[in-house]
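Chemist: Okay, sequence plus prediction incoming.
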Amino acid sequence: MTSPERALSSGAGVRVRLPVWLPGRILVAFAAGVALLWAAPLVLPVGEYTHNVVGLTFMFMAAALAWNWLGGYVGQISFGHAAMFGAGGFVAARLMLTLGLPFWVAWLAGGLVAGCYALLWGHPTLRLRGPYFSIATIGVGEATRLVATYWSGFTGGSSGLSLPLGGGPTKFQLYWYGLYLLAVAVGLSYWLRKSRIGLALFAIKEDVEAAGDLGVDATRYQDVVLFLSGTMVGVCGGFYASYQTFIDPQDMFSFDRSISFILMAVIGGIGTILGAAAGAIVFVVIQEFLLANYSQLYLGLYGTLLVLIILFEPLGLTGLLIRVRKLFGYRPRPDIAAGGLKSAAVGVDARGSTADQGVAPVEQSAPGERGSA
Amino acid sequence: MTAILVGESVSKHFGGLKAVDRVDFHLDDGEILGLIGPNGAGKTTLFSVAAGSIPPTAGRVLLDGRQVSGKSAHRSVHLGICRTHQIVRPFARLTVLDNVLVGHHYGRPANVPGGDPHRVAREILDFIGLADRAGRLPGELTLAGRKRLEVARALATGPRVLLLDEVVAGLNPVESARLLDLIREIRGRGISIIMIEHVMHAVMSLSDRVVVLDLGRKIAEGTPSEVATDPVVIEAYLGRDEDDVQRQPGGAEEQQRA
Amino acid sequence: MAEALTLAVSAVLLAGFYAAMAYGLGLIYGVLRIVNLAHGGIIMAGAYLTWQLFTRFHVDPYLAIPVVLVVFFLVGVTIYYCLVRFLPRGPAGAVQSLLLLFGVWLIIRNLAYLLFTGNDQAIRTTYSTSSVSILGASYSLNRLLVFGISLVALIALHLFLTRTYSGKAIRAAGQNLESCTLVGINVERVYVLTFGLGTALAGLAGLLASTLFAFNPSFGAGELLKSFVIIVLGGLGSVVGIASGAVVLASAEVFSIYAVPSYLTSAVGFVLLVVVLVLRPGGLFGQKVLR
């Protein structure tokens, strides 16, 4: 976040000025990655089922990344993102069913509706901080589910909505649309993290009042993140509708679905880009495995995973990776932990110790290490 | 000397507690104003009102004729007034440089110099004496370092008026002398300053004028020597019978943090 | 008018239960500054334990109270010792504790699914359908008993917190942690006690719920939410505060019948919460908004 980069000049002598926070090599790596994934199915002999699941995973990665903007960057843990997932999904489905709109238009529209919905409940609720906000989001999710389930005119009630087969892209084709979704999500994640606005978000996460005292308009930036997060998750909902060709409110808006977003981000490493993406992959893999073999242990396993992660490695997979790399002499940049789970800063008072919070002084910021109780 | 910051009958009540009670004050351009008073006098609360962090119950504060009180903290920063905190609040998991960058990026738009933000931030760190610590975390700094960081951040917002809340408290004589020199240099850059201080020699040696608060009211105002010999002031500090005043520790200053 | 009166009484009866339910959450939050997301899960577990005692050992639910209290006190202590005490305190630990206890909730839910399947269960005693006549209207006996027990529990709690050393220590810890260590209060012990007590209360709420409602492993999310609404409405300061919050919520729910279809009753609490928070970010009684 702190290393300035120079302008990129292409070989043809045309000077391309990239923003300070976007090093040329990252852009190249990104483009290469997308191209690789785009071409992979054409070259690799992968079965259709796996191919389709990978496509779905792309969507989950995008959703996890979107959740992470609010949960990891701003530090407000939402337990109700299913509300936007479902809203986007149903609006998209309805538009496809009733108006016959092309799928991607429907997805976009659904996403925007979801984004506005997120703003609607989120703007006033984000005044709350920490646990208060989180519990409020549980309420949002549940209330939305209730209303949606009984608004059968729109959502089809418990019977849900079925999309006509052949009307939209096939699961096979959705692989590439999922990839585009992921690409946008990664791009936005990178922008939100590395640019100026990322600085504001982390300042807000650390100490929202001190941030305001330095001129950061916390409300505005939180609203931006809220809207983007809601929209992206809403578009993912539309994708899901197209993928499954059937959605119902009990599933789309379920608490379990909200949980899944949290788990993906936490498993992978909350606050980091690769983390949220990796977490989604792990999540889908575990899900496939579990549903096949131990569907009854589903919840308990996730619960245990959460507990273990929090107790031993709050930065999830990313944290583990850092530990491993430390064995090879890698010294993490000090602010990597800023993306991590530990929320608001401990106040460092005049005596150099922490204010009355009972937490150890601020010297333990190495990622993965918990503060002592 | 023209007054650039004016407080008109500023009051802040917390329920029944009058933390600040109809205080008038002004800060002249290029001046260093000391704000002193016994614990619980309402000094930090006054800062919070002036900086826009909390709305006044009555009265207002004007910067260059424009109201900075009663809006939000960030709006006031954009208008040109910035405060530091009595208990320093660095962003613990952002580097020193990033801490300053926050102030730079989000401070007063008009006065923030263009060019490479990192260069500007490093200049400020140079000025404040933290340049070699740019990549560290605030937790790795000494207390003096963290206090300087607090000031550097506020400076980065490009303020016209800087409100320094007990920046010297807790520092040893060497550190505090250096910080005081720094404050003089800041004034030399054209920034007007109000300082809350309990360390008397600091306030008295640095301030052009001093305002004294007690129990939320302004009880005296004048040059340091005038105030130091004012019997009302002396009584406020020394002569008050403790049993008559039942206050929570920190009094009004703690209230406003809530 | 008679109907309104009946509803009002229903609201009061419900409020009693709600207050007892919310107190467990409030206690833990007030002292440890941790939102016990497992609260809903404990309530559900309490309901199941009561049900098991009833179906297997033919213990009348209300007679099972001592058992439930002790069991869940121990459960709370265990959760504290094994998990919660490793969390950093204060704002730094807020997010982590949320997720940790959420994980615990998931585990409890899964256990319930494994042991008891996802089907709805209910407790039917010989007096389940009995009702009592008061002022011409009839009320379910269970509701009256639940109210009575809640009242007793709250009074006992109040006395404990105000008259005993441990209780006062708990209150002190909720008000000013630093000072506690200064006067020699063993803060760790207070934490253990509080967590155990809060969990025990949640278990009791579960017991009471089992006599009133049908339940399944998903039970508890709504109760968690409502407990939270009550805390925000009424503040953490006192039993009276929580009781007031409970009354407000219960009244809102009961009287919302006039305005809103019954399946949306649970949503009323949430709407109420958002409205209150938007209008008065400090809660109804000046409860501070968290930083």
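Modeler: On my side now, so go ahead.

Chemist: could you give the mean pLDDT of stretch B:178-196?
Modeler: The pLDDT scores in stretch B:178-196 average 92.

Chemist: ok, which stretches of the stretch 201-350 of chain A are strands?
Modeler: Along the stretch 201-350 of chain A, the stretches classed as strands by DSSP state E, counting those that start in this stretch are A:246-247.

Chemist: my bad, should have said chain C
Modeler: C:131-134, C:137-140 (DSSP state E).

Chemist: Check the stretch 1-150 of chain A too.
Modeler: A:8-9, A:15-16.

Chemist: which stretch in those strands is the model least sure about?
Modeler: Among those, strand A:8-9 scores lowest, at a mean of 38.

Chemist: Wait, a helix at B:Val6?
Modeler: No: per DSSP: H, G, I helix; E, B strand; the rest coil, B:Val6 lies outside any helix segment and is strand.

Chemist: separation between it and C:Gly16?
Modeler: Computed as Cβ to Cβ, to the nearest Å, the B:Val6 to C:Gly16 distance reads 57 Å. The C-beta positions use only the backbone N, C-alpha and C, and glycine is treated the same way.

Chemist: Between these two, which has more neighbouring residues?
Modeler: Using other Cβ atoms under 10 Å in any protein chain shown, the more surrounded residue of B:Val6 and C:Gly16 is C:Gly16, with 25 against 16.

Chemist: Okay, now the unreliable bits of chain B?
Modeler: Chain B contains residues with pLDDT under 70 at B:1, B:110-115, B:239-258.

Chemist: can you count the residues close to the residue lying closest to C:Phe116 once chain neighbours are set aside?
Modeler: The shortest distance from C:Phe116 to any residue other than its chain neighbours is 6.2 Å, reached at C:Tyr48 (Cβ to Cβ, 6 or more residues apart in numbering or on different chains). Neighbours of C:Tyr48 under the rule other Cβ under 10 Å: 22.

Chemist: contacting residues for C:Tyr48?
Modeler: C:Ala112, C:Leu115, C:Phe116, C:Gln121, C:Gly206, C:Ser210, C:Phe215 (Cβ atoms under 8 Å, 6 or more residues apart in numbering or on different chains).

Chemist: Kindly state the pLDDT recorded for the nearest residue to C:Ile34 once chain neighbours are set aside?
Modeler: With sequence-adjacent residues excluded and distances taken as Cβ to Cβ, 6+ apart, C:Ile34 is closest to C:Ser97, at 4.4 Å. Listed pLDDT for C:Ser97 reads 86.

Chemist: With C:Ala172 instead?
Modeler: 84.

Chemist: Phi first, then psi, for B:Ser53.
Modeler: phi -70, psi -40 (degrees, to the nearest 10).

Chemist: Just give the closest residue to it, not the sequence neighbours.
Modeler: B:Ala73 (4.5 Å).

Chemist: re earlier: how close does the residue nearest to C:Phe116 get to chain A?
Modeler: Distance check for C:Tyr48 against chain A: by Cβ to the nearest Cβ, to the nearest Å, it reads 15 Å.

Chemist: just for chain A, where's the confidence low?
Modeler: Scanning chain A for pLDDT under 70 picks out A:1-18, A:20, A:165-167, A:330-373.

Chemist: please redo it, this time with the cut-off set to 50
Modeler: Low-confidence segments of chain A (pLDDT under 50): A:1-13, A:337-373.

Chemist: Outside of stretch B:14-24 itself, which residues are in contact with it?
Modeler: B:7-13, B:42, B:45-46, B:49, B:56, B:58-59, B:213, B:215-218, B:251-252, B:255-256.

Chemist: Do a quick rundown of the strands in the stretch 1-150 of chain B.
Modeler: Ranges of strands in the stretch 1-150 of chain B, per DSSP E, counting those that start in this stretch, are B:3-14, B:17-28, B:32-36, B:58-63, B:66-67, B:81-83.

Chemist: Just say which of those is most tucked in.
Modeler: strand B:81-83 (a mean of 29; mean count of other Cβ atoms under 10 Å in any protein chain shown).

Chemist: before we move on, the earlier item: I figured the residue nearest to C:Ile34 hits C:Tyr29, correct?
Modeler: No: look at C:Ser97 against C:Tyr29 with Cβ atoms under 8 Å: they stay out of range, at 10.2 Å.

Chemist: what residues do these two have in common as contacts?
Modeler: C:Val35.

Chemist: who's more crowded, those two?
Modeler: C:Ser97 (25 against 21).

Chemist: need the contact list for that one.
Modeler: C:Ile34, C:Val35, C:Val84, C:Leu87.

Chemist: Pick out whichever of those sits closest to chain A.
Modeler: Nearest to chain A, judged by Cβ to the nearest Cβ, of those is C:Val35 at 3.8 Å.

Chemist: what separates the closest residue to the closest one other than its chain neighbours from B:Leu215, distance-wise?
Modeler: Distance criterion Cβ to Cβ, 6+ apart; nearest residue to C:Val35, sequence neighbours excluded, is A:Pro131 at 3.8 Å. For A:Pro131, the distance to B:Leu215 equals 37 Å [Cβ to Cβ].

Chemist: show me where the stretch 51-200 of chain C has helices.
Modeler: Assigned by DSSP state H, counting those that start in this stretch, the stretch 51-200 of chain C shows helices spanning C:65-82, C:91-116, C:141-163, C:165-175, C:177-182, C:187-212.

Chemist: Pick out the residue of the stretch 151-258 of chain B closest to chain A.
Modeler: Closest point on the stretch 151-258 of chain B to chain A, by Cβ to the nearest Cβ, is B:Gly170, at 4.1 Å.

Chemist: That residue is in contact with B:Leu179, isn't it?
Modeler: No: with contacts counted by Cβ under 8 Å, B:Gly170 stays clear of B:Leu179, the gap being 11.0 Å.

Chemist: Settle it for me: which of the two has more neighbours?
Modeler: Taking other Cβ under 10 Å, B:Gly170 and B:Leu179 do not tie; B:Leu179 has more neighbours (20 against 17).

Chemist: Any buried residues in the helix or strand that one falls within, and which?
Modeler: Element membership of B:Leu179 [criterion: DSSP states H and E] is helix B:173-188. Buried positions in helix B:173-188, judged by neighbour count with 16 or more other Cβ atoms under 10 Å in any protein chain shown: B:Glu175, B:Ser176, B:Leu179, B:Leu180, B:Leu182, B:Ile183, B:Ile186, B:Arg187.

Chemist: Check the residues you listed against A:Pro102 and report the nearest one.
Modeler: B:Ile186 (60.6 Å; Cβ to Cβ).
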